[in-house]
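J.: Generate a structure from the sequence data that follows.
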Amino acid sequence: MINILIIIAAILAVAGLAYLIVNIIPKKLKPVLSILLWVTIIFLGYQIYQSIMKPIHFNKEKKVRYAKVIENLKIIRDAELAYGQVNRKFTANAQELIHFIDTDSFAVTEVKNIVITEKRGLITVDVEKRIVDTVGFEPILKSFEGRDYKNMMNIPGTDAKFELKTSVIEKVQGVKTSAFEAKVNKGIVLVGMDKDLISQEKETLGGVNVPGEYITVGSLTEVNSNGNWPPFYDGRKEDSNNE
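T.: This next block holds a predicted model:
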């Protein structure tokens, strides 16, 4: 908004100077005013260039910052899903989640069908049953090799940390399910950048943008472990109508 006002004021100033030079100012002062006119034109051109390039630079830097944040959110999601698989619930304790990765294991199971003989009244019948045997254990840590899970709660480029919460939801009467959500306000991620553009970014609706005020993964109100970012942050092709 400020840039637009400056541009409008500069245009009016150029028009005014041009009118003065042509119609009012004595010839001996015209060279001075001509120089002033050119300075104003150059300033106006620079402001127009800045108003065009500022959102372009903003979007470029935004995507770099978002990509780093989303990578950490993916690690948090995978850690929560692993924790939930073993413990049948999620946790909001970040240190407990890290300790779980360092020390716990997945049970490695084997499913097989066996035939047993059952007596039913005066006769015996062969019945096929499926049994699940635990044949070993695999460290959780193996799934996080090469990933900086110990710092997953840190928001890159800042001193802040992600909000991590859990809840219990009941989508079907009598059946309760654990849920988790990790998120960060976009304003924290984009700190130091243009405030007007940050405000606009928080109001985006989706498409090739991250919608809303937060970058988030999971949900506290429904069974959902997805992130709210567009597909290209997962390595899939970006929409052709990219911003």
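J.: Please identify which helix or strand holds Thr134.
T.: Assigned by DSSP states H and E, Thr134 belongs to strand 123-139.
J.: What lies in contact with that strand?
T.: With contact meaning CB atoms under 8 Å, 6 or more residues apart in numbering, strand 123-139 is reached by 104-118. (Glycine included, C-beta is placed from N, CA and C.)
J.: how does the protein divide up, domain by domain?
T.: Domain assignment for the chain by automatic domain parsing gives 2-101+141-234, 102-140.
J.: would you turn those into JSON lines with mean pLDDT and mean neighbour count?
T.: Below are those laid out as JSON lines (pLDDT from 0 to 100; neighbours: other CB atoms under 10 Å):
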{"stretch": "domain 2-101+141-234", "mean pLDDT": "86", "mean neighbour count": "15"}
{"stretch": "domain 102-140", "mean pLDDT": "80", "mean neighbour count": "10"}
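J.: State the next helix or strand along the chain beyond the strand holding Thr134.
T.: strand 163-172.
J.: Could you spell out the sheet neighbours of that following strand, each with its direction?
T.: Strand 163-172 pairs in its sheet with strand 175-185 (antiparallel), by DSSP bridges.
J.: Take stretch 102-111, keep the C-alpha atoms, and write them as CSV.
T.: The C-alpha atoms that make up stretch 102-111 are tabulated as CSV, following Å, rounded to 0.1, in the frame of the first residue of the first chain:
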residue,chain,number,x,y,z
ASP,A,102,16.2,-43.9,20.3
THR,A,103,15.1,-46.9,22.4
ASP,A,104,12.0,-48.7,21.2
SER,A,105,11.3,-51.3,18.5
PHE,A,106,8.7,-52.5,16.1
ALA,A,107,7.5,-56.1,16.6
VAL,A,108,8.2,-58.1,13.4
THR,A,109,5.3,-60.5,12.9
GLU,A,110,4.6,-63.4,10.7
VAL,A,111,1.1,-64.4,9.6
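J.: Run me through the strand neighbours of the strand holding Thr134, direction for each.
T.: Strand 123-139 has these strand partners (DSSP bridges): strand 105-120 (antiparallel).
J.: Can you name the residues in contact with the strand it pairs with?
T.: Contacts of strand 105-120 (CB under 8 Å, 6+ apart): 82, 85-86, 124-140.
J.: where's the spatially most central residue of the chain, which helix or strand?
T.: In the chain, the C-alpha closest to the average C-alpha coordinate belongs to Ile215, at a distance of 3.9 Å (CA atoms, centre = their mean). Ile215 is part of strand 214-218 when elements are defined by DSSP H and E.
J.: What helices and strands are in contact with that strand?
T.: Applying 3 or more CB pairs under 8 Å, 6 or more residues apart in numbering; DSSP states H and E, one finds that strand 214-218 contacts helix 30-87, strand 175-185, helix 186-189.
J.: I'd like to check the angle between that strand and strand 163-172, please.
T.: Interaxial angle, strand 214-218 versus strand 163-172 (axes from the mean of the first three to the mean of the last three CA atoms, to 10 degrees): 50 degrees.
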